[in-house]
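Trainee: Return a 3D structure for these sequence lines:
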Amino acid sequence: MAGGRRQAPPREDVLAAAMEMIAERGLEKLTMAALGREVGMSSGHLLYYFGSKDELLLRTLEWSEGRLGAERGRLLTRAASARERLDAYVDLYVPDGHRDPHWTLWLEVWNRSQNADEDARDRQAAIEGVWHRDLVALLAEGISRGEFRRVDPDRFAARLRALLDGFAIHVAIGLRGTDRGQVLRHVHEFLADSLLADA
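Mentor: Prediction:
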């Protein structure tokens, strides 16, 4: 047969296309058929690779988090004070605005995780875990340098991430009266009041 069988695109290309579709058209437009058209595959072929839309979404989130994790790693290892790196962590955590594609995907995965199997829930917890561990390490470093008050890094990280998640959801869903700038100001005030060492 002339030209041979068409090769399926690499899995990473499919995940990148899914993320791009979420960014451009919203999650509701991301169907297996629409994604298949975008990457030149049948929806059946996509189901063969991913098994379900839930798995496609979770893998897309893992792929996106891998890229975000690399950026977080660069920010947290640069030559700067712990406070400056904490501000960079917060800045990276908070959505860019209403319908931020990364947070749109996170919200959908969270919603679907209510009925997910243990493997999927473990993978989601692993994503959450790296954010938490990075924050705990940064807090511990800031405490050891005298930049931060002597708090329990693990407990403080859990509370700070809960605060960030709550504010981030407000930004991502476009809750009136809550925008990214306001959220960042609230978080910076909270950190100044609860974490920064007295001069």
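Trainee: Looking at the helix or strand harbouring G181 now, give me its mean pLDDT.
Mentor: Following DSSP states H and E, one finds G181 within helix 180-194. Helix 180-194 shows an average pLDDT of 96 in the prediction.
Trainee: can you list contacts of it?
Mentor: If you take CB atoms under 8 Å, 6 or more residues apart in numbering as the criterion, helix 180-194 is touched by 86-87, 90-91, 94-97, 149, 151, 156, 160, 163-164, 167-168, 170-171. C-beta here means a position set from N, CA and C on the backbone, and glycine is covered the same way.
Trainee: Could you give me the buried positions within it?
Mentor: For helix 180-194, the neighbour count (16 or more other CB atoms under 10 Å) marks 180, 183-184, 187, 190-191 as buried.
Trainee: Pull it out as PDB, backbone CA atoms only.
Mentor: Output in PDB follows, covering the C-alpha atoms of helix 180-194 (Å, rounded to 0.1, in the frame of the first residue of the first chain):
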ATOM      1  CA  ARG A 180      -5.300  37.100  40.700                       C
ATOM      2  CA  GLY A 181      -4.000  40.400  42.000                       C
ATOM      3  CA  GLN A 182      -6.300  40.500  45.000                       C
ATOM      4  CA  VAL A 183      -5.400  36.900  45.800                       C
ATOM      5  CA  LEU A 184      -1.700  37.600  45.700                       C
ATOM      6  CA  ARG A 185      -2.100  40.600  48.000                       C
ATOM      7  CA  HIS A 186      -4.100  38.500  50.500                       C
ATOM      8  CA  VAL A 187      -1.500  35.700  50.500                       C
ATOM      9  CA  HIS A 188       1.500  38.100  50.800                       C
ATOM     10  CA  GLU A 189      -0.300  39.800  53.800                       C
ATOM     11  CA  PHE A 190      -0.900  36.400  55.400                       C
ATOM     12  CA  LEU A 191       2.800  35.500  54.900                       C
ATOM     13  CA  ALA A 192       4.000  38.800  56.300                       C
ATOM     14  CA  ASP A 193       1.700  38.400  59.400                       C
ATOM     15  CA  SER A 194       2.300  34.700  60.100                       C
END
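Trainee: hey, which helix is longest across the protein?
Mentor: Secondary structure assigned by DSSP state H gives helix 118-144 as the longest helix of the chain.
Trainee: List the contacts of the next helix or strand after that helix.
Mentor: Per DSSP H and E, the first helix or strand lying C-terminal to helix 118-144 is helix 153-173. With CB under 8 Å, 6+ apart as the test, helix 153-173 has contacts from 90, 93-95, 97-100, 103-104, 106-107, 131-132, 135-137, 139-140, 143, 175, 178-180, 183, 186-187, 190-191, 194-195.
Trainee: which non-adjacent residue is nearest E141?
Mentor: With CB to CB, 6 or more residues apart in numbering as the criterion, E141 has its nearest non-adjacent residue at 5.4 Å, and that residue is A82.
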